[in-house]
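Visitor: one predicted model, sequence on top.
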Amino acid sequence: MKSQLVVNDNLINYYDFGSTNQQAIILLHGWRSQALIWEKIIEELRANYRVIAIDLPGFGLSPVPAKPFTLDDYAETVEALCQKLKINNFILVGHSFGGRVSIKIAIKHPTKVKKLILVDSAGIKRERKIIGGLARLFKPIFKQKIMDGARNKIYQAIGSEDYLATPKLQKTYQNIVAEDLSSYLCDIKLPTLIIWGENDKDTPLSDAKLMNRDIKNSKLEIIKNAGHFSFIDQPESFNKILSDFLK
């Protein structure tokens, strides 16, 4: 069921399936995505769980925030929405950018997260992002119009289509990718499942192995013949891995 709530002065659209007496599972999508990308996973889970899929601010039917968001802003928005829904304990599933948000929530509110599932998660800062910093460093040298064009070419060259495809969220995007979460991983003590597509080119398998190494109570499952959207590429394999972990 589609619903909307104002959370921290932002209108949040979300989908709520199941009943309030069931264990809640929160689904967080990736950048340039939306809640209903989890459709096949929702179908599998909704019989036994209360499943809540959120359009994070700026995506789906949730409007772009009035000010640029940080990762902390996204984490606090999700946690505040759960408070409004009177959900004090939940299982958290995050894909890509949603994985970043999930990691932050798990660190900031560990008593509220029962289990953590990271799906082809972002959060490990890549060296290529430094190029974006170089673009900003040389900004005073060029006129703004010239610099904007140069910055776009730089981001195209490093494959950051997300930056270019979401013009109203570009400052938010810069805030998000600037934060490296690798140093926080060892602080996560929750039962954690890491699911990864073996052919993921956006968040490489080396990131999954690093997360598995540093999150002590974690298990890594690699899905064959799957890329960055492993839950879409191989939904049956994904659902079995998820179901086994949840049991």
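Guide: Good, I have the coordinates. Numbering: from 1, shown residues only.
Visitor: check contacts around L81.
Guide: Neighbouring residues of L81 by CB atoms under 8 Å, 6 or more residues apart in numbering: 5, 7, 12, 14, 54. Using the backbone N, CA and C atoms, a C-beta is placed for each residue, glycine as well.
Visitor: any idea how many residues pack against the second one?
Guide: Summarising burial for V7: neighbours were counted as other CB atoms under 10 Å, giving 22.
Visitor: could you find the closest non-adjacent residue to the residue nearest to the spatial centre of the chain?
Guide: What sits nearest the mean C-alpha location of the chain, by CA atoms, centre = their mean, is G98, with 0.9 Å. Excluding its sequence neighbours, the residue lying closest to G98 (CB to CB, 6 or more residues apart in numbering) is L28, at 3.1 Å.
Visitor: so who does that neighbour touch?
Guide: Per CB under 8 Å, 6+ apart, neighbours of L28: 54, 56, 78, 92-95, 98-99, 101-102.
Visitor: just say helix, strand or coil for E236.
Guide: For E236, the assignment made with DSSP: H, G, I helix; E, B strand; the rest coil gives helix.
Visitor: list the contacts for T172?
Guide: Per CB under 8 Å, 6+ apart, neighbours of T172: 58, 65, 68-70.
Visitor: read off the pLDDT value for it.
Guide: Predicted confidence (pLDDT) for T172: 96.
Visitor: for it, give its distance to R100.
Guide: 12 Å (CB to CB, to the nearest Å).
Visitor: and T20, its phi and psi?
Guide: phi -70, psi -10 (degrees, to the nearest 10).
Visitor: that one touches R50, doesn't it?
Guide: Yes. T20 is in contact with R50 according to CB atoms under 8 Å; the separation is 6.6 Å.
Visitor: which one's more surrounded, those two?
Guide: Per other CB under 10 Å, whichever of T20 and R50 has more neighbours is R50, with 20 against 10.
Visitor: hey, what's the more buried one bridged with?
Guide: Beta-bridge pairing of R50 under DSSP bridges involves A24.
Visitor: OK, contacts around it?
Guide: When contacts are counted by CB under 8 Å, 6+ apart, R50 touches 16-20, 22-25.
Visitor: recalculate using a threshold of 7 Å.
Guide: Contact analysis of R50 by CB atoms under 7 Å, 6 or more residues apart in numbering lists 17-20, 22-24.
Visitor: and the spatially closest residue to F238 that is not a sequence neighbour, what's its pLDDT?
Guide: Excluding the flanking residues, the one nearest F238 by CB to CB, 6+ apart is F231, at 4.4 Å. Predicted confidence (pLDDT) for F231: 97.
Visitor: now do the helix or strand containing F231: which elements does it pack against?
Guide: In the assignment (DSSP states H and E), F231 maps to helix 230-233. Here helix 230-233 is seen to pack against strand 192-197 when contacts are counted using 3 or more CB pairs under 7 Å, 6 or more residues apart in numbering; DSSP states H and E.
Visitor: alpha carbons of the strand it packs on, as CSV, please.
Guide: Output of strand 192-197 as CSV, limited to C-alpha atoms (Å, rounded to 0.1, in the frame of the first residue of the first chain):
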residue,chain,number,x,y,z
THR,A,192,25.2,-9.2,8.7
LEU,A,193,24.6,-10.8,5.3
ILE,A,194,26.6,-9.5,2.3
ILE,A,195,25.1,-10.5,-1.1
TRP,A,196,27.0,-9.6,-4.3
GLY,A,197,26.8,-10.3,-8.0
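Visitor: mind checking how far that strand is from the chain centre?
Guide: 13 Å (CA atoms, centre = their mean, to the nearest Å).
Visitor: quick one: buried residues of whichever helix or strand comes after it?
Guide: Where DSSP H and E defines the elements, the next helix or strand beyond strand 192-197 is helix 205-214. Residues of helix 205-214 classed as buried: 205, 207-208, 210-212 (neighbour count, 16 or more other CB atoms under 10 Å).
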